[in-house]
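Undergrad: give me coordinates for this.
(one chain, ligands or ions: 1)
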Amino acid sequence: MKFFLDTANIEEIKRINQLGLVDGVTTNPTIIAKEGKDFETVIKEICELVNGPVSAEVTSLASEEMIREARQINQWADNIVVKIPMTEEGLRAVHTISKEGIKTNVTLIFSAAQGLMAAKAGATYVSPFLGRLDDIASDGIQLVSDLREIFDIYGFETEIIAASVRHLGHVEASALAGSDIATIPGNLFPKLWSHPLTTNGIQQFETDWQTYQEKQK
Ligand code: E4P
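TA: Reported below is the predicted structural model:
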């Protein structure tokens with residue numbers, strides 16, 4: 001399974017990247033706005049830091065404008081993926097730009113039908129939003145599982161990115177459901193390698209070792 005970082009924060013990316021855990025990065029207009037930097041500058045910086053796909057989202061809603069934006073964004077780096085919203089206009093844009101070799105991540109997927117439409121239109125990635133489905137008492141993990149089954153039955157090469165990941169359970173369950181990728185917010189990553197019993201165990205070992213050394217004197 002691959003892990004993407006769902007952030008545009010350079011310090012977070014540098015920190016997690018040092019652990020060899022970052023296979024790519026996803027951003028969206030909200031994430032970019034949070035950093036308060038120029039869009040193109042920050043995306044180019046991330047693309048240099050990370051050895052993997054970096055998603056940058058178009059902000060237009062009409063397909064012709066999306067296509068124009070996508071062609072421009074695609075020139076920023078070799079590892080760019082253009083994020084396109086799941087609409088009719090978005091599908092039209094995906095259909096056109098995917099034939100030009102531009103990689104796409106169709107975002108805001110909330111049903112298996114939407115994921116299927118995006119894959120059929122030529123999407124490189126689809127992003128089902130787990131947390132936002134949970135928010136409306138729906139089952140995001142079931143969606144990942146359904147998409148996995150559909151893509152496998154019909155041989156779609158489109159990769160599934162479990163997005164809107166809010167907690168450790170989302171990561172574990174999306175791994176079990178066969179998601180190709182989980183995109184994880186920077187502040188959640190440390191919780192994936194931490195466990196209170198690990199912390200307690202280390203403290204206990206330290207205490208016991210000190211006691212043992214005292215006795216050796
Ligand atoms: C990633 O591609 C999405 O933009 C992101 O995971 C959305 O997460 P949120 O629902 O927490 O905003």
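Undergrad: distance of the residue of the chain most remote from its centre relative to residue 145?
TA: Taking CA atoms, centre = their mean, the residue of the chain most remote from its mean C-alpha position is residue 217, at 53.7 Å. Remark: distance between residue 217 and residue 145 (CB to CB, to the nearest Å) = 59 Å. To be clear about C-beta, it is placed using only N, CA and C from the backbone, and glycine gets the same treatment.
Undergrad: check what pLDDT the residue nearest in space to the middle of the chain gets.
TA: With distances taken as CA atoms, centre = their mean, residue 183 lies nearest the centre of the chain, 2.6 Å away. What the model reports as pLDDT for residue 183 is 98.
Undergrad: and the helices in this protein?
TA: 10-17, 29-35, 39-49, 63-74, 88-99, 112-121, 130-135, 140-154, 168-176, 189-193, 196-216 (DSSP state H).
Undergrad: tabulate those helices (TSV), appending mean pLDDT.
TA: Conversion of the helices of the chain to TSV gives the following (pLDDT from 0 to 100):
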stretch	mean pLDDT
helix 10-17	96
helix 29-35	97
helix 39-49	98
helix 63-74	98
helix 88-99	98
helix 112-121	98
helix 130-135	98
helix 140-154	98
helix 168-176	98
helix 189-193	95
helix 196-216	97
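Undergrad: for these, give me JSON lines that also has mean neighbour count and distance to residue 106.
TA: JSON lines is the format used below for the helices of the chain (neighbours: other CB atoms under 10 Å; distance: least, CB to CB, whole Å):
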{"stretch": "helix 10-17", "mean neighbour count": "16", "distance to residue 106": "23"}
{"stretch": "helix 29-35", "mean neighbour count": "14", "distance to residue 106": "16"}
{"stretch": "helix 39-49", "mean neighbour count": "17", "distance to residue 106": "18"}
{"stretch": "helix 63-74", "mean neighbour count": "18", "distance to residue 106": "11"}
{"stretch": "helix 88-99", "mean neighbour count": "19", "distance to residue 106": "6"}
{"stretch": "helix 112-121", "mean neighbour count": "20", "distance to residue 106": "4"}
{"stretch": "helix 130-135", "mean neighbour count": "18", "distance to residue 106": "15"}
{"stretch": "helix 140-154", "mean neighbour count": "18", "distance to residue 106": "12"}
{"stretch": "helix 168-176", "mean neighbour count": "18", "distance to residue 106": "17"}
{"stretch": "helix 189-193", "mean neighbour count": "14", "distance to residue 106": "24"}
{"stretch": "helix 196-216", "mean neighbour count": "9", "distance to residue 106": "38"}
